[in-house]
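>>> Below are the sequence and a predicted model for it; my questions follow.
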Amino acid sequence: MEIFRTVAELREWSRRQRKDGGNGIGPSIGLVPTMGALHAGHVSLIRASRASCRFTVLSLFVNPTQFGPKEDFARYPRAFEADCALARDAGVDALFAPSVEEMYPAGAATIVDVGDLGSRLDGQSRPGHFRGVATVVAKLLIAAEPDRAFFGQKDAAQVAVIRRMAGDLRFATEIVVCPTVRDADGLALSSRNAYLSPAARAQALVLSRAVRRAEELVAQGERRASALIAAAREVFAAEPAVRVEYAEVVDWATLEPVEIATPGTLFAVAAWVGATRLIDNAVLR
Ligand code: PAF
């Protein structure tokens, strides 16, 4: 596995692989963008990339512009050596681990803003978050020039933002969304789960329970968003230590609330377990 620190090195590698590295059939380069602290969810993205692309590049960059001033940028888990070992074992061909200065050169002023979409769901309580995500992902796509880029459905609002950004800017990269990976008890994997004490982790299970409840109701024929939200809030009420930030039924492309769920509608929740903010969702069938 090669490790690159600069955009120029990564771009040169990517172009070389595309030119020399295969039989010319199928996508060449798959990109898995991450902020590190890798877990089985990231491994599933690497697997998906390796299954359909000849080369996989994993980026590892804790992006400061997607954190608010009072958020957890400073304490976000960083585990470079363990991440390298995991990436190598998972078959990553190249790891891109740039510095903040490399991604945001002195004086850099250009940002990518997806408009109203950026202020829905998580964007309501995290102003500027999706601007930071859209900007850094655009930079990563420009640096790696991938045929495909892989993201987890767990961050469903982020997926909507990235799809919009990639479409608006006419990136040639296909955005691939992979299913949420969960622990056996249902907790969606997240690097932030590392913040949870055993007691808090037990409380955090209420997020997946609430999502499952909405899915069960849909399976029984319920379509009204108000009923799905009320049922999910009832589940949350049984775990008073957890503070719900939102429980919403939205169109997955626009993130605008809908009254009636149809196939592909997103049911999404965010909640605070102590000082840890977690999210979960389901795409309703
Ligand atoms: O999902 C993440 O880990 C980050 O938001 C991403 C897409 C790598 C951008 O920093």
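Sure thing, it's come through.
>>> Only C-alpha atoms from now on, for both contacts and neighbour counts.
Fine.
>>> And what about the closest residue to the ligand within the stretch 101-250 of the chain, helix, strand or coil?
Residue nearest to the ligand within the stretch 101-250 of the chain: Val133 (5.0 Å; C-alpha to the nearest ligand atom). Taking DSSP: H, G, I helix; E, B strand; the rest coil as the rule, one finds Val133 in the helix state.
>>> Which residues of this protein lie near the ligand?
33-35, 63, 133, 137 (C-alpha under 6 Å from any ligand atom).
>>> Give me the subset of these that lies in helices.
133, 137 (DSSP state H).
>>> Name the member of the residues of the chain next to the ligand with the most neighbours.
Val133 (24 neighbours; other C-alpha atoms under 10 Å).
>>> Looks like that residue contacts Pro64 (just checking).
No. If you go by C-alpha atoms under 8 Å, Val133 and Pro64 don't touch, sitting 9.6 Å apart.
>>> and for the two, which residues touch both?
The contact sets of Val133 and Pro64 do not overlap (C-alpha atoms under 8 Å, 6 or more residues apart in numbering).
>>> List the contacts of the residue of the stretch 101-250 of the chain closest to the ligand.
63, 65-66, 158, 162.
>>> doesn't Pro105 fall inside a strand?
No. Pro105 is assigned coil when assessed by three-state DSSP, not a strand.
>>> Model confidence score at it, please.
As predicted, Pro105 sits at a pLDDT of 98.
>>> can I get the residues of the chain next to the ligand in CSV with pLDDT and distance to Thr110?
Output for those, formatted as CSV (pLDDT from 0 to 100; distance: C-alpha to C-alpha, whole Å):
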residue, pLDDT, distance to Thr110
Pro33, 98, 20
Thr34, 98, 21
Met35, 98, 21
Asn63, 98, 15
Val133, 98, 13
Val137, 99, 13
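>>> Format the residues of the chain next to the ligand as TSV; extra columns: distance to Glu81.
Listed next are the residues of the chain next to the ligand as TSV, based on distance: C-alpha to C-alpha, whole Å:
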residue	distance to Glu81
Pro33	17
Thr34	15
Met35	14
Asn63	18
Val133	24
Val137	23
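>>> what helices or strands is the helix or strand hosting Val161 leaning on?
Element membership for Val161, per DSSP states H and E: helix 156-168. When contacts are defined as 3 or more C-alpha pairs under 8 Å, 6 or more residues apart in numbering; DSSP states H and E, helix 156-168 sits against helix 129-144, strand 174-178.
>>> of all the contacts of Val133, which comes closest to Asp147?
Nearest to Asp147 among the contacts of Val133: Ile162, at 14.9 Å, using C-alpha to C-alpha.
>>> Return the residues in contact with the closest residue to the closest one other than its chain neighbours.
In space, and not counting its chain neighbours, Ile162 is closest to Ala134: 6.1 Å by C-alpha to C-alpha, 6 or more residues apart in numbering. Under the criterion of C-alpha under 8 Å, 6+ apart, the neighbours of Ala134 are 112-114, 161-162, 165.
>>> Neighbour-wise, which one of the residues you listed leads?
Val161 (25 neighbours).
>>> Contacts only, for that residue.
114, 117-118, 130, 134.
>>> Any idea how many residues pack against Gly30?
With other C-alpha under 10 Å as criterion, Gly30 counts 32.
>>> so it, which of the three states?
Gly30 is classified as strand under three-state DSSP.
>>> Provide a list of residues in contact with it.
Counted by C-alpha under 8 Å, 6+ apart, Gly30 has contacts 49-50, 52-57, 146-150.
>>> Would you list the buried entries among those?
Buried members of the contacts of Gly30, scored by 16 or more other C-alpha atoms under 10 Å, are 49-50, 53-57, 146-150.
>>> can you give me the strands in this protein?
Here the chain has its strands, by DSSP state E, at 2-4, 29-34, 55-60, 94-96, 148-152, 174-178, 242-250, 266-273, 276-283.
>>> Which residues does the fourth one contact?
In this structure, residues lying in contact with strand 94-96 by C-alpha under 8 Å, 6+ apart are 1-6, 10, 56-60, 84, 87.
>>> Distance from that strand to the middle of the chain?
Mean C-alpha position of strand 94-96 versus that of the full chain (C-alpha atoms, centre = their mean, to the nearest Å) differs by 18 Å.
>>> for the longest one, same thing?
Computed by C-alpha atoms, centre = their mean, the chain-centroid distance of strand 242-250 equals 18 Å.
>>> mind listing what Val211 touches?
232, 267-269, 280-282.
>>> buried sites along the least confident helix or strand in the chain by mean pLDDT?
When the helices and strands of the chain are compared on mean pLDDT, DSSP states H and E, helix 7-20 comes out lowest with a mean of 94. Across helix 7-20, burial judged by 16+ other C-alpha under 10 Å covers 7, 10-11, 13-15, 18.
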